[in-house]
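> below: sequence and its predicted model.
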Amino acid sequence: MKRYVTLASVGLVLLAVLVSVGCEKKLTYKRYTLVHMGQTPLGVEKTLGEPLIKMTDQWTWNDSERSITAHVWYNQEGKVIAKQWFDPKRGMVDGPPGGDATKGGEVIQQKTRIMVVE
């Protein structure tokens, strides 16, 4: 009988771990920083999850519970040319508008700005 109780306990622990890993939020600043210039839309979606809005040249993610918004812009070849992170609860803004300058889809100047307001 003890053996079955031990097996059941191990099974419940494994199930809890699997469920908690599956519930991980993909829209985090750490994951956002992994998105890089020239990345494909598939790579961005694997990193940040399914966007709320998908337009040809811009995708938008939003987590209303945490008041977080992220934008990623694409060139005509479908490669990342700019990105922006907005987290007003933490006073964080990172990226455009006006942050990255591009010419024909090629990054000619990249600026990253993080502002923390306390």
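Good, I have the coordinates. Numbers count the residues shown, from 1 in each chain.

> quick one: low-confidence parts of the protein?
Where the chain drops to pLDDT under 70, the residues are 1-23, 97-118.

> show me the helices in it, by range?
2-22, 29-32, 41-48 (DSSP state H).

> name the nearest residue to Lys89, ignoring sequence neighbours.
Ser67 (5.1 Å; C-beta to C-beta, 6 or more residues apart in numbering). Every residue, glycine included, has its C-beta placed from N, CA and C.

> got it, and Gln58?
Excluding its sequence neighbours, the residue lying closest to Gln58 (C-beta to C-beta, 6+ apart) is Trp73, at 5.1 Å.

> who is the one you found paired with across the strands?
In this entry, Trp73 is beta-bridged to Gln58, Ala82, by DSSP bridges.

> so how far is Arg66 from it?
Distance of Trp73 to Arg66, given as C-beta to C-beta, to the nearest Å: 22 Å.

> Thr47 contacts Lys30, doesn't it?
No - the pair Thr47 and Lys30 fails to qualify as a contact (C-beta atoms under 8 Å) at a distance of 10.2 Å.

> what about Glu77, how many neighbours?
Applying other C-beta atoms under 10 Å, we find 10 residues neighbouring Glu77.

> and what of Arg66?
Neighbourhood size, Arg66 [other C-beta under 10 Å]: 13.

> kindly report the same for Gln84.
19.

> i'd like the first residue to be 10 from this point on
Got it, first residue is 10 now, which makes that one Gln93.

> look up how far Val81 lies from the residue lying closest to it once chain neighbours are set aside.
Once flanking residues are discounted, Gln93 sits nearest to Gly104: 3.7 Å by C-beta to C-beta, 6+ apart. Counting by C-beta to C-beta, the separation of Gly104 from Val81 is 9 Å.
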